[in-house]
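Q: missing the sequence, but the structure's below:
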Ligand code: UDP
């Protein structure tokens with residue numbers, strides 16, 4: 001009987017159309033599909049075009065306009081957010097109200113927490129609604145503290161912030177907005193809004209796991225009905241045709257084979273993997289310092305330099321690096337790379353997905369955070385989980401080549417490096433336990449599915 005009900009239950013999934021938001025929610029969807037639920041992802045045309053997943057009975061993708069295809073580009077972040085919300089909500093409502101050619105047995109909408117207005121659209125149509133947070137629980141709590149006035153924003157330059165259930169945080173550890181031109185604080189308002197209607201949401205999912213953020217999770221769970229479901233990329237997909245290689249990549253081409261071949265040619269723990277995710281960009285001067293720092297370190301490295309960043313590399317650097325046996329690509333399958341035994345450490349911007357991926361695969365991190373939650377994630381990497389170091393910029397905000405070399409040495413050598421690797425190994429065990437059968441995240445998903453089927 002349950003199987004019959006499962007076959008009938010469709011979940012509509014609405015990711016925010018950015019790589020770091022799509023990945024965790026897609027992995028979660030694949031896992032639900034492996035448990036017998038039917039999934040319809042609703043997104044824009046660009047995301048659908050980038051999908052490399054078999055669109056079969058269990059997963060399909062429908063597109064609606066979010067305004068991004070319009071020729072006139074928004075002139076400010078404020079204009080962008082306004083247009084996105086206006087167009088997406090109007091078209092989502094229209095889409096849901098149209099009769100469907102496909103089996104329409106939708107019970108629930110799972111939406112990115114940064115799109116809280118989807119909740120009303122769902123409830124008005126008698127659909128259940130679940131908000132999916134793609135940032136850490138600790139960072140989410142900071143946005144909640146801003147909403148409640150416990151943390152003033154713009155931040156007051158006091159020495160240390162002591163906030164409930166979080167470690168003491170200095171200014172440099174708080175989510176950073178200094179690189180945005182945002183006098184009206186539109187970005188912070190957008191992030192705080194994730195908490196605007198959580199009381200009415202039927203489920204709240206966090207892409208994290210219990211032992212990683214236990215105190216703040218306990219506190220959150222005392223306020224809202226949250227479920228940890230992460231790390232979603234490590235959820236086992238054994239009983240499904242969907243695999244790790246089925247993904248949505250907004251970046252093309254992905255140098256999978258070149259990377260694997262190159263990694264296979266390297267010794268265990270002998271290379272540095274460098275990547276700053278899908279959005280962060282470095283100043284030209286910073287790219288140069290990093291490039292020369294990597295060369296000076298004498299380590300082999302695999303550096304993901306997105307096409308839009310390539311022109312900032314010093315002249316001749318690419319050929320020098322290649323001659324030295326290093327590899328530079330525009331995009332790779334990051335979790336494949338991080339799970340390779342050749343990787344000794346990860347120089348990262350500390351986006352939440354990259355952070356979770358490194359922890360779950362037991363790779364120590366050199367944090368070079370740029371903005372928003374990355375600064376807080378890098379604080380946790382260094383002082384809470386003790387699995388890495390954080391680069392120190394000079395007075396002009398540039399991390400110099402000598403500092404790059406120093407950080408690589410610190411993570412890869414000596415007692416300190418050894419301790420970081422050992423902590424990373426312990427977290428790897430805990431992360432994998434959470435998603436295995438009987439683990440907390442896997443159990444939470446089981447509970448959620450039962451609750452959904454009974455509702
Ligand atoms: N990623 C990837 N290949 C790359 C660089 C990044 O597959 O060459 C993936 C990475 O595994 C992660 C996502 O892109 O899942 C980036 O998300 P994150 O939260 O780390 O950073 P963001 O891009 O949102 O700043």
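A: Cool, got the structure. None of these values were measured; they are calculated from a predicted model.
Q: show me the contacts for residue 312.
A: Counting by C-beta atoms under 8 Å, 6 or more residues apart in numbering, residue 312 makes contact with 282, 283, 284, 287, 288. C-beta: built from backbone N, CA, C; applies to glycine.
Q: one more pass at 10 Å, please.
A: Neighbouring residues of residue 312 by C-beta atoms under 10 Å, 6 or more residues apart in numbering: 281, 282, 283, 284, 285, 286, 287, 288, 290, 291, 305.
Q: ok, the last one touching residue 294?
A: Put plainly, it is residue 305. No - the pair formed by residue 305 and residue 294 falls short of the contact definition of C-beta atoms under 10 Å, at 11.2 Å.
Q: name the residues contacting each of these two.
A: With contacts defined as C-beta under 10 Å, 6+ apart, the residues adjacent to both residue 305 and residue 294 are 274, 317.
Q: stretch 380-394 spans what distance, first to last residue?
A: For stretch 380-394, the first and last residues are 22 Å from each other (C-alpha to C-alpha, to the nearest Å).
Q: right, is that stretch up against the ligand?
A: No - for stretch 380-394 and the ligand, the contact criterion (C-beta under 6 Å from any ligand atom) is not met; the two come no nearer than 12.5 Å.
Q: now check stretch 347-361, is it near the ligand?
A: Yes - taking C-beta under 6 Å from any ligand atom as the criterion, stretch 347-361 and the ligand are in contact, through 351, 352, 353, 354, 357.
Q: could I get the phi/psi values of the first one?
A: Dihedral angles of residue 351 (phi, psi; degrees, to the nearest 10) stand at phi -60, psi 160.
Q: ok, it to residue 371 distance?
A: Look at residue 351 and residue 371: by C-beta to C-beta, to the nearest Å, they are 10 Å apart.
Q: ok, these two, which is more surrounded?
A: For residue 351 against residue 371, the residue with the higher neighbour count under other C-beta atoms under 10 Å is residue 351, and the figures read 25 against 16.
Q: now do the SS call for the spatially closest residue to the more buried one that is not a sequence neighbour.
A: The spatially closest residue to residue 351, leaving aside those adjacent along the chain, is residue 277, at 4.3 Å (C-beta to C-beta, 6 or more residues apart in numbering). Three-state call for residue 277 (DSSP: H, G, I helix; E, B strand; the rest coil): coil.
Q: and for residue 346?
A: At residue 346 the chain is in strand, as set by three-state DSSP.
Q: for the stretch 301-450 of the chain, which segments count as strands?
A: Remark: strands of the stretch 301-450 of the chain, listed N- to C-terminal, are 327-329, 343-348, 365-367, 388-390; assignment by DSSP state E, counting those that start in this stretch.
Q: just put those strands in CSV and tack on mean neighbour count and mean pLDDT.
A: Output for these, formatted as CSV (neighbours: other C-beta atoms under 10 Å; pLDDT from 0 to 100):
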stretch, mean neighbour count, mean pLDDT
strand 327-329, 20, 97
strand 343-348, 26, 98
strand 365-367, 26, 98
strand 388-390, 24, 98
